[in-house]
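Engineer: 3D, please:
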Amino acid sequence: MKRFSTTSIRLAVFVVLLVALVIVGCSKHPNEKQLKALEDAKAAALSAETKAADCSSDKAKLQAQLAEAKQKLETMKQEKVDVAKRLAAW
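Structural biologist: Residues are numbered from 1 along each chain as shown. Alright, predicted model coming up:
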């Protein structure tokens, strides 16, 4: 009998706490603070996406410049070899 009453009381307390949490935690519409936080998050995400796109564009430009510089370096190395050969033959 005592065990049944202790279990019943624990179950009742659990149910009351669960109902209280559901009532307090659930609302139909977000409040102004939540809407402001959502707008701020959207703005931050948009800003981050824009910055990422800019960085990708800059990276592509720099990679193109690097490839061009490497090609120019190879051309200059070949020209140096050619000049060295001509000097040796002279």
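Engineer: okay, CA-based contacts and neighbour counts for the rest of this
Structural biologist: Noted.
Engineer: what about residue 12, how many residues close to it?
Structural biologist: Applying other C-alpha atoms under 10 Å, we find 12 residues neighbouring residue 12.
Engineer: Ok, residue 50 next?
Structural biologist: Counted with other C-alpha under 10 Å, the neighbours of residue 50 add up to 12.
Engineer: quick one: pLDDT of it?
Structural biologist: On the pLDDT scale, residue 50 is placed at 94.
Engineer: Now name the helix or strand holding it.
Structural biologist: Per DSSP states H and E, residue 50 falls inside helix 32-89.
Engineer: same question, residue 8
Structural biologist: Assigned by DSSP H and E, residue 8 belongs to helix 2-25.
Engineer: quick one: contacts of that helix?
Structural biologist: Around helix 2-25, nothing counts as a contact under C-alpha atoms under 8 Å, 6 or more residues apart in numbering.
Engineer: Buried residues in it, which are they?
Structural biologist: Buried positions in helix 2-25, judged by neighbour count with 16 or more other C-alpha atoms under 10 Å: none.
Engineer: Dump the worst-scoring helix or strand of the chain on mean pLDDT to PDB, keeping only the CA atoms.
Structural biologist: The least trusted helix or strand in the chain, going by mean pLDDT, DSSP states H and E, turns out to be helix 2-25, with a mean of 75. Only the C-alpha atoms of helix 2-25 are listed here, as PDB (Å, rounded to 0.1, in the frame of the first residue of the first chain):
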ATOM      1  CA  LYS A   2       2.800   2.400   0.900                       C
ATOM      2  CA  ARG A   3       4.600   1.600  -2.300                       C
ATOM      3  CA  PHE A   4       1.600   2.300  -4.400                       C
ATOM      4  CA  SER A   5       1.000   5.700  -2.800                       C
ATOM      5  CA  THR A   6       4.700   6.700  -3.300                       C
ATOM      6  CA  THR A   7       4.600   5.700  -7.000                       C
ATOM      7  CA  SER A   8       1.300   7.500  -7.400                       C
ATOM      8  CA  ILE A   9       2.700  10.700  -5.900                       C
ATOM      9  CA  ARG A  10       5.800  10.500  -8.100                       C
ATOM     10  CA  LEU A  11       3.800  10.000 -11.200                       C
ATOM     11  CA  ALA A  12       1.400  12.800 -10.300                       C
ATOM     12  CA  VAL A  13       4.300  15.200  -9.700                       C
ATOM     13  CA  PHE A  14       5.900  14.200 -13.000                       C
ATOM     14  CA  VAL A  15       2.600  14.800 -14.900                       C
ATOM     15  CA  VAL A  16       2.100  18.200 -13.200                       C
ATOM     16  CA  LEU A  17       5.700  19.300 -14.100                       C
ATOM     17  CA  LEU A  18       5.300  18.100 -17.700                       C
ATOM     18  CA  VAL A  19       2.000  19.900 -18.100                       C
ATOM     19  CA  ALA A  20       3.500  23.100 -16.600                       C
ATOM     20  CA  LEU A  21       6.500  22.900 -19.000                       C
ATOM     21  CA  VAL A  22       4.200  22.500 -22.000                       C
ATOM     22  CA  ILE A  23       2.000  25.400 -21.000                       C
ATOM     23  CA  VAL A  24       4.900  27.700 -20.300                       C
ATOM     24  CA  GLY A  25       7.000  26.700 -23.200                       C
END
